[in-house]
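1. Quick one, structure for this:
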Amino acid sequence: MLVKRISARRLISNLLQAAALVVLLCVSGAASAQTSMPAPVPERSASWKSATNIMALSSAGLVMIMPRIFYSDPEVTAGWKARWHVSVLAPTMTLAAITLLNEVTLKNSFASFRPGCSEENQGLAGCDSYGMLSSPSFLAFSSFGQGTGIFLVDTFKWSGGRVNGGALVGNVAAPLILSVLTAVGRGSGNWETGGQVWGSAAIGLGAGLGMGVMYALLQRPECGYSGGMICW
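-> The predicted structure follows:
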């Protein structure tokens, strides 16, 4: 009888151990399956994407087509003059090239995840690219910086400190509004985080301001002796 009781206890013990092992394997298998599932695809606003792209391009285009407005030398002819310079394509295209370089190379180097993205779902829909630098924010604010730089040089160097309202609106105020709306739209559409948006904006503003100041110092607003409205 004693042998039978011991054998029954061993049998029950072995069955319990086997059951516990099965439960443990099932739980660990479910946990591993759960952790291996990719994170859900984040929702992003296609409308905000289109709107911010248009506003960024509008900011760049506005600064590009704005004339150089300056106050003439009173010894020659007094009053305000406006001249359109084809050479403004140089700083504008330089900033556009940096924006394109960012899309092709720089973003992959920074590898800053968009909102809702991580190593688990990077490369999937909604996470097929990185968020830093934000190309629309960079382009919009670099254009605002370029216009501001041109306005400051034309005002204080070529116009003796006289401020022209048209130049202020076209080179500074309007690009600023478009730039801020672009940055707000990128965040509202969940395309970049706040840090990515405003970090890109700060970098773009610095690059554009330096480009605009350098261009306006090197290129006089007057067309020389031609007297034409368009400077080649």
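
2. Please count neighbours and contacts with C-alpha atoms only from this point.
-> OK.

3. middle-most residue in the chain, spatially?
-> The chain has residue 134 as the residue nearest its centroid, 1.9 Å off, counting by CA atoms, centre = their mean.

4. That one and residue 195 touch, don't they?
-> No - in this structure residue 134 lies outside contact range of residue 195 using CA atoms under 8 Å: 10.2 Å.

5. Contact partners for residue 217?
-> residue 153 (CA atoms under 8 Å, 6 or more residues apart in numbering).

6. Report the buried residues of the one helix or strand it maps to.
-> Here residue 217 sits within helix 194-218, counting by DSSP states H and E. Under the neighbour-count criterion of 16 or more other CA atoms under 10 Å, helix 194-218 has 194, 196-216 buried.

7. my guess is residue 127 contacts residue 112, does it?
-> No - shown here, residue 127 and residue 112 do not form a contact pair, counting by CA under 8 Å, at 10.8 Å.

8. and residue 91, that one's in a strand?
-> No - applying DSSP: H, G, I helix; E, B strand; the rest coil, one finds residue 91 to be helix, outside a strand.

9. Could you report the distance from it to residue 110?
-> 25 Å (CA to CA, to the nearest Å).

10. Could you do residue 207 as well?
-> Residue 207 is 18 Å from residue 110, by CA to CA.

11. cool, residue 218 as well?
-> 34 Å.

12. Pull out the buried residues from the longest strand belonging to the chain.
-> The residue-count maximum for a strand in the chain (DSSP state E) belongs to strand 80-85. Buried residues in strand 80-85, counted by 16+ other CA under 10 Å: 82-85.

13. Switch those residues over to a markdown table; also include distance to residue 189 and pLDDT.
-> Formatted as a markdown table, the buried residues of strand 80-85 follow (distance: CA to CA, whole Å; pLDDT from 0 to 100):
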| residue | distance to residue 189 | pLDDT |
| --- | --- | --- |
| 82 | 39 | 92 |
| 83 | 39 | 92 |
| 84 | 36 | 94 |
| 85 | 36 | 94 |
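
14. one step back: so between residue 91 and residue 110, which is more surrounded?
-> Neighbours per residue (other CA atoms under 10 Å) separate residue 91 from residue 110, with residue 91 holding more: 20 against 13.

15. Now for the residue lying closest to that one once chain neighbours are set aside: which residues touch it?
-> Leaving aside its chain neighbours, residue 91 sits nearest to residue 211 (6.0 Å; criterion: CA to CA, 6 or more residues apart in numbering). Contacts were defined as CA under 8 Å, 6+ apart; by that measure residue 211 touches 91, 146, 149.

16. so where does the second one fall, helix or strand?
-> Spelled out, that is residue 146. Per DSSP H and E, residue 146 falls inside helix 135-156.

17. Residues contacting the helix or strand following that helix, please?
-> The first helix or strand that comes after helix 135-156 along the chain, using DSSP H and E, is helix 165-168. Identification of contacts with helix 165-168 by CA under 8 Å, 6+ apart yields 66, 68-69, 151.

18. Looking at those residues, which is nearest residue 181?
-> Residue 181 has its nearest neighbour among the contacts of helix 165-168 in residue 66, at 20.5 Å by CA to CA.
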